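Participant: sequence and predicted model, in that order:
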2 protein chains.
Amino acid sequence: MQDRSQTLSPMIDKLQLWRPLDPAEKRAILALPHKVEEARAHACLVREGEKPSHSCLLLEGFAFRHKVLVDGSRSISAIHMKGDIVDLQNALLGTADHSVETLTRATVAFIPREEMKRIAFEFPSVGLAMWYDTLVDGSIFREWIANIARRDAAARLAHLLCEFGLRLQAIGLGDRRSYQLPMTQEQLADATGLTSVHVNRTLMDLESRGLIARSKKAVTIADWKRMEDAAGFNEAYLHLRGQVSLSPP
Amino acid sequence: MQDRSQTLSPMIDKLQLWRPLDPAEKRAILALPHKVEEARAHACLVREGEKPSHSCLLLEGFAFRHKVLVDGSRSISAIHMKGDIVDLQNALLGTADHSVETLTRATVAFIPREEMKRIAFEFPSVGLAMWYDTLVDGSIFREWIANIARRDAAARLAHLLCEFGLRLQAIGLGDRRSYQLPMTQEQLADATGLTSVHVNRTLMDLESRGLIARSKKAVTIADWKRMEDAAGFNEAYLHLRGQVSLSPP
DNA sequence: CGAGCGTTTGATCGGTGTCAAGGATCGTGG
DNA sequence: CCACGATCCTTGACACCGATCAAACGCTCG
């Protein structure tokens, strides 16, 4: 942040979760033209139906993707954090099929879609890493489908909390067992196919079973193994290749 | 099929839904090394946890991706048909995070993963089309999340039937309003987060409301517009760019 | 023709939704 | 620094959609 030339470094860190990059490739990423904006909480970054000409990269803060159905109900399909290229889909596919909104105050870099295409083919390792990134996105979607389709409310929420912790830890933003969760219970409901009332009761249930502790927005997972069991959680779908499993229990 | 050199042409047709390809690019696709296999119905093409070294391309027949949860319940995350590259994810990401199984007897081409990577970067238009393809996959996953999370049983099934019809039509396999549905009610249940018993009752309900007609595996949608309304269906997420909407009502 | 799978049906149960109201917390402006 | 309004969280009573369990029926393909 201090050094203007390092602004896009979270993208490098994220892509290196998937593939190593050499210095020239990193320089090419840092040299991508972009404009940085500060967004307040609950700001709309992309609106369904628009034709975004830029990809947006989250440099700081959290965001989510969602759709609003005809009856007004809402479905959240992904949560995003530092380093995530939130809008590669919409930028490449033309018309946005869903909206993107900030969860918290956030810093976002907008990169022209043509530049994203260019760097992907000029530097195949970068392209492959970006492709991996979209494939891992897909893997997470599939797990969410299974989560919503086949797990009960307690397991669904436990699963979401496990995933969030692991992903935070993978990008160096803390410990999977204790973190700030920047979501309201209504947003948790929209991400799990429940109602906010039931999310409330279920969180209290998880707490009474000693699986989690809460205070304000902070969540603590008392015993990771028990939590995984309660969630039916298996981190394989995140494709984190061992970085995470090697960290202290 | 008759001409050995045209075996992979369904892949060209599929990719050209997303981007036009020039003759050299088409030739490169047709020249991809591959082996063709016939698979019987209910055959397993990829098993979760394996490390597939090949992508598999569906030349004929139908398949689906699924996960089995710890309690034995099953979640189907995608249905695939002619031209779909079913296993790009697993082949590129390393370890398969889900299984792939045939729905019907099928003809499948296996292409080495290294060849898929090579062609993607040697012919950027092909690479871009493949990337689009994975992005559209992601878009469909997001719609399924919304479908399962926020629609009731009747709308969920109606939505699945609309999608199936449109996709069949897009690859020239018939009319969106009347087709053979190669799925059992139990598979429909696993694809919609319901039980087979409830799928049965709901299909009969759709039938009694005059939205669909059934006989054996054939499904007919009486009035497309009414069906879309019942499903809350909006084809935008399929990113078919007008090919479909331009067809006769 | 028989076995096996898939479909249909009925009765009952339970997990989640709905509606409504009160209480806590946060952000903002004075 | 406090006051106030707006969100957000919590709680209760009740309704209902879809799950469960069990059994019979009908294809379809050896």
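Facilitator: Received the coordinates, thanks.

Participant: tell me the domain ranges of chain A?
Facilitator: Following automatic domain parsing, one finds the domains of chain A at A:4-133, A:151-238.

Participant: off-centre distance for the longest one?
Facilitator: Between the centre of domain A:4-133 and the centre of its chain there are 11 Å (CA atoms, centre = their mean, to the nearest Å).

Participant: do the helix or strand of chain A with the lowest mean pLDDT and chain B meet?
Facilitator: Least confident helix or strand, chain A: helix A:88-93 with a mean of 83, by mean pLDDT, DSSP states H and E. Yes - shown here: helix A:88-93 in contact with chain B (CB under 8 Å from any CB of the partner chain) through A:L88, A:Q89, A:L92, A:L93. For the C-beta atoms, the positions are set from N, CA and C on the backbone; glycine is no exception.

Participant: give me the contacts around that helix.
Facilitator: In this structure, residues lying in contact with helix A:88-93 by CB atoms under 8 Å, 6 or more residues apart in numbering or on different chains are A:46, A:50, A:52-55, A:96-98, A:100, A:113, A:116-117, A:130, A:133-134, B:131-132, B:135-136, B:138-139, B:239.

Participant: mean confidence for the lengthiest helix in chain A?
Facilitator: As assigned by DSSP state H, the longest helix anywhere in chain A is helix A:124-150. Averaged across helix A:124-150, pLDDT comes to 95.

Participant: equivalent analysis for stretch A:208-217, please.
Facilitator: Here the average pLDDT along stretch A:208-217 is 91.

Participant: start to end distance for it?
Facilitator: One end of stretch A:208-217 sits 17 Å from the other (CA to CA, to the nearest Å).

Participant: do the same with stretch A:165-175
Facilitator: 7 Å.

Participant: which outside residues touch it?
Facilitator: By CB under 8 Å, 6+ apart, stretch A:165-175 touches A:10, A:13-14, A:17, A:81-83, A:176-179, A:219, A:221, A:235, A:238, A:240, A:243-244, A:247.

Participant: how about the residues of chain A by DNA strand D?
Facilitator: A:T184, A:Q185, A:E186, A:S196, A:V197, A:N200, A:R201, A:L203, A:M204 (CB under 7 Å from any atom of the strand).

Participant: of those residues - the most surrounded one?
Facilitator: A:L203 (20 neighbours; other CB atoms under 10 Å in any protein chain shown).

Participant: need the contact list for that residue.
Facilitator: With contact set as CB under 8 Å, 6+ apart, A:L203 has these partners: A:L157, A:Q185, A:L188, A:I212, A:R214.

Participant: overlap between those and the residues near chain B?
Facilitator: Among the contacts of A:L203, no residue sits close to chain B (CB under 8 Å from any CB).

Participant: pLDDT below threshold where in chain A?
Facilitator: A:1-4, A:242-249 (pLDDT under 70).

Participant: report the outermost residue of it with respect to its centre.
Facilitator: Farthest-out residue of chain A from its mean C-alpha position, per CA atoms, centre = their mean: A:S208, at 28.1 Å.

Participant: compute the number of surrounding residues for the residue lying closest to A:G138 once chain neighbours are set aside.
Facilitator: Counting by CB to CB, 6 or more residues apart in numbering or on different chains, A:G138 lies nearest to B:G138, which is 4.9 Å off, once chain neighbours are set aside. Neighbour count for B:G138, taken as other CB under 10 Å: 25.

Participant: which residues does B:G138 contact?
Facilitator: With contact set as CB under 8 Å, 6+ apart, B:G138 has these partners: A:Q89, A:T134, A:D137, A:G138, A:F141.

Participant: return the member of the residues you listed nearest to B:E122.
Facilitator: Of all the contacts of B:G138, B:E122 sits closest to A:T134, with 20.1 Å by CB to CB.

Participant: now do the contacts for that closest one.
Facilitator: A:L88, A:Q89, B:W131, B:T134, B:L135, B:G138.

Participant: any idea how far it is from A:E186?
Facilitator: Using CB to CB, to the nearest Å, we find A:T134 at a distance of 28 Å from A:E186.

Participant: cool, A:A236 as well?
Facilitator: Taken as CB to CB, the span from A:A236 to A:E186 is 30 Å.

Participant: quick check: bridge partners of A:A106?
Facilitator: A:A106 has these beta-bridge partners by DSSP bridges: A:A39.

Participant: count the neighbours of it for me.
Facilitator: 26.

Participant: go ahead and confirm it touches A:C56.
Facilitator: No - counting by CB atoms under 8 Å, A:A106 does not reach A:C56; the two are 9.7 Å apart.

Participant: how about the most centrally placed residue in chain A, what does it touch?
Facilitator: Residue closest to the mean C-alpha point of chain A, counted by CA atoms, centre = their mean, is A:H80 at 2.5 Å. Listed by CB under 8 Å, 6+ apart, the contact set of A:H80 reads A:L58, A:F62, A:A63, A:F64, A:R65, A:V86, A:V100.

Participant: which parts of chain A are strands?
Facilitator: A:35-39, A:44-46, A:54-60, A:63-68, A:74-80, A:99-102, A:106-112, A:178-180, A:212-215, A:218-221 (DSSP state E).
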